[in-house]
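Undergrad: Sharing a model that was predicted from the sequence below.
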Amino acid sequence: DAEITQSPRHKITETGRQVTLACHQTWNHNNMFWYRQDLGHGLRLIHYSYGVQDTNKGEVSDGYSVSRSNTEDLPLTLESAASSQTSVYFCASSEDGEQFFGPGTRLTVL
Amino acid sequence: RKEVEQDPGPFNVPEGATVAFNCTYSNSASQSFFWYRQDCRKEPKLLMSVYSSGNEDGRFTAQLNRASQYISLLIRDSKLSDSATYLCVVNVGTGGFKTIFGAGTRLFVKA
């Protein structure tokens, strides 16, 4: 069955370190998204991609970057982790409308 | 004003009750609408799409009012398993769409 996975599921890191969160989907969807979810804010869009080599900034993109070298993967990189980036990160993919979400990565920056 | 607004709740209802959630959106160019369900510490999952004519799926009914720019979700005969957070989702425009998630409404169904 097609699916979307994220790794790691939990990560603790220190401020200033570079962190990469992986997202892999086997739906063959063109559209992929990264969100963060914090209490009181709901899901906020970090970056998104409509296809290979395409990336776009979302609502809260500062401090994050993505790359799309193939259809299946959209890794999210925190260039220099900050405590404000402690959050739950969800990756999602879609083709037309409905978004399918990965299980999330809980990131703690100390 | 937020682009998509929901009452955060929580709504505390007994089993068997009927409960309704509303969600308002600000962009009149919004094209498509959804309700997602999110269980604690889990990913959001699509509950149902919301069509202009309204739609029903078992105990769940979703309606869209474009003139007043709101969508609603009605849950009849609430079950304990309906306890979750319900997210209102709006896609603005077509092609290069923009998806906006509401912050969610929490529902607790008690025995």
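TA: Arrived safely.

Undergrad: Residue numbers of chain A in contact with chain B?
TA: A:33, A:35, A:40-43, A:45, A:50, A:90, A:97-104 (C-beta under 8 Å from any C-beta of the partner chain). All C-beta spots, glycine's among them, are computed from the backbone N, C-alpha and C.

Undergrad: Can you tell me which of the residues you listed are buried?
TA: A:33, A:35, A:42-43, A:45, A:90, A:97, A:99-102, A:104 (16 or more other C-beta atoms under 10 Å in any protein chain shown).

Undergrad: Minimum pLDDT in those residues, which residue is that?
TA: Within those, residue A:97 has the lowest pLDDT, namely 78.

Undergrad: Which residues are in contact with residue B:107?
TA: Neighbouring residues of residue B:107 by C-beta atoms under 8 Å, 6 or more residues apart in numbering or on different chains: B:9-11, B:13, B:19, B:21, B:75, B:78, B:82-86.

Undergrad: now the residues you listed as JSON lines including neighbour count?
TA: Output for the contacts of residue B:107, formatted as JSON lines (neighbours: other C-beta atoms under 10 Å in any protein chain shown):
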{"residue": "B:9", "neighbour count": "15"}
{"residue": "B:10", "neighbour count": "12"}
{"residue": "B:11", "neighbour count": "19"}
{"residue": "B:13", "neighbour count": "17"}
{"residue": "B:19", "neighbour count": "18"}
{"residue": "B:21", "neighbour count": "21"}
{"residue": "B:75", "neighbour count": "22"}
{"residue": "B:78", "neighbour count": "21"}
{"residue": "B:82", "neighbour count": "19"}
{"residue": "B:83", "neighbour count": "18"}
{"residue": "B:84", "neighbour count": "21"}
{"residue": "B:85", "neighbour count": "22"}
{"residue": "B:86", "neighbour count": "25"}
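
Undergrad: Compile the residues you listed into a markdown table and extend it with columns for distance to chain A and secondary structure.
TA: As requested, the contacts of residue B:107 are exported to a markdown table (distance: C-beta to the nearest C-beta, whole Å; DSSP: H, G, I helix; E, B strand; the rest coil):
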| residue | distance to chain A | secondary structure |
| --- | --- | --- |
| B:9 | 13 | coil |
| B:10 | 13 | coil |
| B:11 | 17 | strand |
| B:13 | 22 | strand |
| B:19 | 20 | strand |
| B:21 | 14 | strand |
| B:75 | 20 | strand |
| B:78 | 23 | coil |
| B:82 | 20 | helix |
| B:83 | 18 | coil |
| B:84 | 14 | strand |
| B:85 | 9 | strand |
| B:86 | 12 | strand |
